[in-house]
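Asker: show me the folded form of this:
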Amino acid sequence: MQELFINKKQFIPFVTCGFPNKKKTVEVIKLFLEESVEIIEIGVPFSDPVADGPTIQYSSYVALKNKIGIEEVFETISTTMKYKPYCPVIMTYLNPVIVYGIENFFKDAYQVGVKGVIFADSIVENVDMYYSLTTKYGICNILLLSPTTKLERRKLIYRYTTGFIYLVTLTGTTGAREKLPDYFYSFVKQIRKETKQPLCVGFGISKLDQVLGILKYIDGVIVGSFIVDLIRKGNFEDLKNFIKKFTEIAKIKNL
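Answerer: As a prediction, this is how the structure comes out:
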């Protein structure tokens, strides 16, 4: 996955699998691919998504009512990979994976082409539960790093990240914001000094101008809640235009 960040910035959209239904998820992923998106974050709906705000919580609620689980997520990835190869990253929580079977999860993920995993409720000290399996199946381990993460733990995150580091913009849950915290910009600059790992920022991003000031320090931008809200409204034309704006960052190599 890291080779995708060598020559360009990456825009990484998020979609909750099964929201508003499985068919629409396939259509949305195809829309992303038509707009030259290379990395797509696909959420496994979960009943207690503690890292997520109201928008993604609602999408998980609907998807669970549609009986979407890990198997259905894998089916969706398999279907869309036939349309156009891309880099699927699964966003989930540890509990569903433990129930599914940790090695079974990685084995099946590998078979459908998953390239990376994010466990939203996992701390770096938990990596022994699954890290060897990421290596065995060649699936990148993506860890979250927040503005409150201390240096000692940041060093562990740098050590065990094999995809990109997910920089959380704020303390709190996901959800589109009009403005990101002022402290976030200095935080990004500090992290860039500490590691050469690809850095992607997410949580709260809804406008391109929120990240223009830090594009020279980061390698990608993740947008979730704002996209899920557009999907909920059923306005695919607005969604397409939104994606077009953000994929423009792929043309920016160095600022």
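
Asker: spatially central, which residue of the chain would that be?
Answerer: The residue lying closest to the centre of the chain (Cα atoms, centre = their mean) is E41, at 4.0 Å.

Asker: quick one: the helices in this protein, in order.
Answerer: 22-34, 54-65, 70-83, 94-100, 102-112, 131-137, 151-160, 183-194, 225-233, 236-247 (DSSP state H).

Asker: got the angle for the longest one vs helix 54-65?
Answerer: In other words, helix 70-83. Angle between the axes of helix 70-83 and helix 54-65 is 100 degrees (criterion: axes from the mean of the first three to the mean of the last three Cα atoms, to 10 degrees).

Asker: in helix 70-83, which residues are buried?
Answerer: Buried residues in helix 70-83, defined by neighbour count with 16 or more other Cβ atoms under 10 Å: I70, E72, V73, F74, T76, I77, T80, M81. All C-beta spots, glycine's among them, are computed from the backbone N, C-alpha and C.

Asker: C-alpha coordinates for that helix, CSV please?
Answerer: As requested, C-alpha coordinates have been extracted for helix 70-83 and formatted as CSV (Å, rounded to 0.1, in the frame of the first residue of the first chain):
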residue,chain,number,x,y,z
ILE,A,70,-18.1,-9.4,7.9
GLU,A,71,-19.1,-12.0,5.3
GLU,A,72,-21.2,-9.5,3.4
VAL,A,73,-18.4,-7.0,3.5
PHE,A,74,-16.1,-9.5,1.9
GLU,A,75,-18.7,-10.3,-0.7
THR,A,76,-19.0,-6.6,-1.5
ILE,A,77,-15.2,-6.2,-1.9
SER,A,78,-15.0,-9.3,-4.1
THR,A,79,-17.8,-7.9,-6.3
THR,A,80,-16.3,-4.4,-6.7
MET,A,81,-12.7,-5.7,-7.2
LYS,A,82,-14.0,-7.4,-10.4
TYR,A,83,-15.2,-4.0,-11.6
